[in-house]
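Asker: I need the structure of the sequence given here:
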Amino acid sequence: MPRPIVSIVRVGREGNIAGAVREAVRLTGGFGKTIAKGDAVLIKPNAKNTTAPGLGVNTDARIVEAVSDLVLECGASRVVIADGAAFPSGNWDTMAAFEASGIARLAHRKNTELYDLNAAEPVIIDIQDGLVLKTFRTGKIVLDSDVIINIPVLKTHAETLVTLCLKNLALGIAQKWEKKNLHKAGLHESIVDIYANVRTHFNVVDGIVGLEGDGPNLPRGKTKTIGIVLAGDQGLAVDAVSCRIMGIEPREVTHLRMAAERGLGTIDLDQIEVVGEPIERVAKPFERPTSQNP
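Answerer: Next up is the predicted model:
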């Protein structure tokens with residue numbers, strides 16, 4: 001079985017974010033092997049609250065736009081940008097988060113659909129062999145999509161040490177009160193259960209500006225400029241590389257270790273092909289949360 005490929009591309013001084021995204025995707029083999037003509041594609045950014053752009057809380061709208069353009073060039077018949085804002089920081093108001101982040105404006109320009117997964121038509125997924133979950137409630141649009149592209153931000157998290165591909169998927173697509181249920185059931189275990197049953201097809205990490213310390217929100221978290229984009233089709237491998245850039249050993253993150261132990265991918269850097277920039281050239285150790293990783 002081929003090793004997973006994770007690309008790292010710097011955003012140059014000229015700030016060509018679209019170019020960096022295109023290069024990061026190209027280095028992993030491109031979307032051509034992921035998206036077929038006529039596919040319905042769901043793009044899942046992090047639009048958790050109404051924090052202003054450029055502060056490391058929400059996904060940069062320019063990355064979402066670049067991904068949208070690539071998807072349309074592959075002949076997708078439908079492109080949906082979907083998320084479910086957090087509570088209390090986002091008051092479950094996803095459309096307000098889309099507006100504040102600039103994602104709503106780009107969707108209007110591109111004639112792309114926006115979906116609030118907190119309020120979308122629901123569907124119950126039966127969780128197979130779950131650690132803590134038997135069912136999971138999300139928006140029906142998630143299952144109706146042929147391809148899911150995940151676009152998290154490079155961030156630390158006070159409860160889970162990091163919030164990257166796996167967590168951005170699990171908590172973001174959970175509907176409203178289901179988000180609270182996941183915390184009660186066991187956050188790390190719930191993330192693994194959802195990732196095992198709702199797999200993303202590709203991941204692009206916004207490492208232009210991240211968040212360190214007691215993230216995932218301001219003011220407890222602190223904005224940190226990194227200036228990179230990462231990409232890869234295996235979320236666990238992308239998270240492992242992202243952790244190393246942040247100065248964190250992937251096995252320290254409970255849900256990443258659990259996911260690897262359940263055979264959902266690898267977090268062993270010796271088994272991952274890193275292309276583009278080497279990790280050591282872009283690594284910027286992040287300030288860790290003050291709380292202990294459970």
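Asker: which SSE is immediately downstream of the lengthiest helix in the chain?
Answerer: Counting residues, the longest helix in the chain under DSSP state H turns out to be helix 61-73. Counting by DSSP states H and E, the element after helix 61-73 in chain order, helix or strand, is strand 78-83.
Asker: related to what we said a few turns ago, now do the buried residues in the longest helix of the chain.
Answerer: Applying a neighbour-count criterion of 16 or more other C-beta atoms under 10 Å, one finds 61-68, 70-72 buried in helix 61-73. C-beta: built from backbone N, CA, C; applies to glycine.
Asker: make JSON lines from these and add distance to Phe87 and pLDDT to it.
Answerer: Output for the buried residues of helix 61-73, formatted as JSON lines (distance: C-beta to C-beta, whole Å; pLDDT from 0 to 100):
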{"residue": "Ala61", "distance to Phe87": "22", "pLDDT": "97"}
{"residue": "Arg62", "distance to Phe87": "27", "pLDDT": "97"}
{"residue": "Ile63", "distance to Phe87": "25", "pLDDT": "98"}
{"residue": "Val64", "distance to Phe87": "22", "pLDDT": "98"}
{"residue": "Glu65", "distance to Phe87": "27", "pLDDT": "97"}
{"residue": "Ala66", "distance to Phe87": "29", "pLDDT": "98"}
{"residue": "Val67", "distance to Phe87": "26", "pLDDT": "98"}
{"residue": "Ser68", "distance to Phe87": "27", "pLDDT": "97"}
{"residue": "Leu70", "distance to Phe87": "32", "pLDDT": "97"}
{"residue": "Val71", "distance to Phe87": "29", "pLDDT": "97"}
{"residue": "Leu72", "distance to Phe87": "33", "pLDDT": "96"}
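Asker: what does the longest helix of the chain contact?
Answerer: Residues outside helix 61-73 that contact it (C-beta atoms under 8 Å, 6 or more residues apart in numbering) are 17-18, 21-22, 25, 31, 35, 41, 43, 45, 53, 79, 81, 101-103, 105-106, 110, 112, 149, 151, 204, 206, 208, 229.
Asker: the same query, at a cut-off of 6 Å, please.
Answerer: Helix 61-73 is contacted from outside by 17-18, 21, 31, 41, 43, 45, 79, 101-103, 106, 110, 112, 204, 206, using C-beta atoms under 6 Å, 6 or more residues apart in numbering.
Asker: what's the spacing between the most centrally placed residue in the chain and Ile228?
Answerer: By C-alpha atoms, centre = their mean, the chain has its centre lying nearest to Pro152, at 2.8 Å. Per C-beta to C-beta, to the nearest Å, Pro152 is found 13 Å from Ile228.
Asker: what does Arg10 give?
Answerer: Distance from Arg10 to Ile228, by C-beta to C-beta: 6 Å.
Asker: these two - which one has more neighbours?
Answerer: Using other C-beta atoms under 10 Å, the more surrounded residue of Arg10 and Ile228 is Ile228, with 24 against 17.
Asker: pull the number of nearby residues for the residue lying closest to the more buried one once chain neighbours are set aside.
Answerer: The spatially closest residue to Ile228, leaving aside those adjacent along the chain, is Gly207, at 4.1 Å (C-beta to C-beta, 6 or more residues apart in numbering). Neighbours of Gly207 under the rule other C-beta under 10 Å: 31.
Asker: if we can go back for a sec, relative to strand 78-83, how tilted is the longest helix of the chain?
Answerer: On the basis of axes from the mean of the first three to the mean of the last three C-alpha atoms, to 10 degrees, helix 61-73 is oriented at 150 degrees to strand 78-83.
Asker: just the strands from this structure, written as ranges.
Answerer: Ranges of strands within the chain are 5-10, 40-45, 78-83, 113-116, 122-126, 135-139, 147-151, 153-157, 161-163, 202-213, 221-232, 273-276, based on DSSP state E.
Asker: quick one, which of those strands gets closest to Ile194.
Answerer: Ile194 lies closest to strand 135-139 among the strands of the chain, at 5.8 Å (C-beta to C-beta).
Asker: measure Asp146 to His201 for me?
Answerer: Taking C-beta to C-beta as the measure, Asp146 falls 8 Å from His201.
Asker: check Gln271 too.
Answerer: From Gln271 across to His201, the span is 20 Å (C-beta to C-beta).
Asker: could you do Leu117 as well?
Answerer: Leu117 sits 17 Å away from His201, going by C-beta to C-beta.
Asker: out of those two, which sits in the busier spot?
Answerer: Neighbours per residue (other C-beta under 10 Å) separate Leu117 from His201, with Leu117 holding more: 24 against 20.
Asker: neighbours of the closest residue to the more buried one other than its chain neighbours, how many?
Answerer: Excluding the flanking residues, the one nearest Leu117 by C-beta to C-beta, 6+ apart is Gly84, at 3.7 Å. When counting by other C-beta under 10 Å, one arrives at 28 neighbours for Gly84.
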